[in-house]
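K.L.:
next come a sequence and a model predicted from it.
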Amino acid sequence: ADEMKREPHRFIGRLAGQVMAALFYEPSTRTRLSFEAAMLRLGGQTMGTDNAREFSSAAKGETLEDTIRIVSGYADVIVVRHNEEGAARRAAAVSSVPIINAGDGPGQHPTQALLDLYTIRDELKQIDGVRVAMVGDLANGRTVRSLTYLLSKFKDVKVWFVAPPQVAMRDDLKAHLDEHRVPWIETQDLEAVLPEVDVVYMTRIQKERFADPDAFNAVKGVYRIDQGTLALMRKYAILMHPLPRVDEIAPEVDADPRAAYFRQARNGLHIRMALLDRLLS
């Protein structure tokens, strides 16, 4: 990924003649476009469908497994985003080509975690010893789950989970950290945590995961980074966000050099180029 970021021209045409299929059963802008741009920059071709639940054979009742069996005959790799947790694993079980999980409901988002980890290393120059605060909708946020799993593989990492009780981090991930002896703290007090960490990883409250509007309204807007809270952060710390943001980061924060989220999003292109190249070249 470093080489692709520094010298992208060296990799033009590496995947000429290869086809990537994108099956997105949930809305996506950044993830889908960055995968498509990555494949095109490597000389490959893309095909796929937006809103596959409505505009593919799924609307006629076709199972995910049958769709994957068919599409794997057309493409060399399939990128899948699905509303159901575990969907990528189901797809991989029946596919004849590699499956890339681009998000499976509230489960995992592995390629986002890769670009997040890359961003932390790029910005802070190391990952070992990093202190990270995961903030917002941790029950439904697949990005924080995947990133926390990856962080557990590094030395001397410490994690803060900052969320209202209604959307707190699920117990399975806390148990994983305990198993790997990664210290973690759960709190609702964002302002107390900000001076303690190197990375503040903000997430939006995911309205689409709430069946009850009142439950959503009870937690929306509970955490916000603005000039006041930004002043509590360490001078060298970074502010990350998987995007899209709603109201959890004020626009005036964008100009602060610690605001890394747009650099973070750009890193997704190089990480996904590297992943596709590793799978297909």
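P.N.:
Arrived safely, thanks for sending.

K.L.:
for V159, helix, strand, or coil?
P.N.:
Classification of V159 using DSSP: H, G, I helix; E, B strand; the rest coil returns strand.

K.L.:
where does the stretch 51-200 of the chain dip in pLDDT?
P.N.:
Scanning the stretch 51-200 of the chain with the threshold set as pLDDT under 70 gives 51-60.

K.L.:
what number of residues lie near the closest residue to A93 other than its chain neighbours?
P.N.:
Using C-beta to C-beta, 6 or more residues apart in numbering and skipping the chain neighbours, the partner closest in space to A93 is E65 (7.7 Å). Any C-beta I mention is one placed from the backbone N, CA and C, and that applies to glycine too. Other residues near E65 number 14, with proximity taken as other C-beta atoms under 10 Å.

K.L.:
E65 touches A91, doesn't it?
P.N.:
Yes: between E65 and A91 there is a contact at 7.4 Å, judged by C-beta atoms under 8 Å.

K.L.:
check which residues of the helix or strand containing the residue nearest to A93 are buried.
P.N.:
Per DSSP states H and E, E65 falls inside helix 64-71. Buried residues in helix 64-71, defined by neighbour count with 16 or more other C-beta atoms under 10 Å: 64, 67-68, 71.

K.L.:
so who does the residue nearest the centre of the chain touch?
P.N.:
Geometric centre of the chain, nearest residue: Q112, 3.0 Å, by C-alpha atoms, centre = their mean. Q112 makes contact with 31, 103, 142-143, 146-147, 242, 268 under the criterion C-beta atoms under 8 Å, 6 or more residues apart in numbering.

K.L.:
if you set the cut-off to 6 Å instead, what comes out?
P.N.:
Residues in contact with Q112 (C-beta atoms under 6 Å, 6 or more residues apart in numbering) are 143, 242.

K.L.:
and the one 4 residues further on, by the same measure?
P.N.:
Shown here is D116, whose contacts under the criterion C-beta under 6 Å, 6+ apart are L147.

K.L.:
now the host helix or strand of F35: average pLDDT?
P.N.:
Using DSSP H and E, the element containing F35 is helix 30-41. Helix 30-41 comes out with an average pLDDT of 95.

K.L.:
one step back: so the residue nearest to the centre of the chain belongs to a helix, correct?
P.N.:
Yes: counting by three-state DSSP, Q112 is found in a helix.

K.L.:
which residues in the protein form strands?
P.N.:
Per DSSP state E, the chain carries strands over the ranges 19-24, 45-49, 77-82, 99-104, 131-135, 158-162, 184-187, 199-202, 238-240.

K.L.:
tell me the domain boundaries of the protein?
P.N.:
The chain is divided into the following domains under automatic domain parsing: 2-105+268-280, 110-249.
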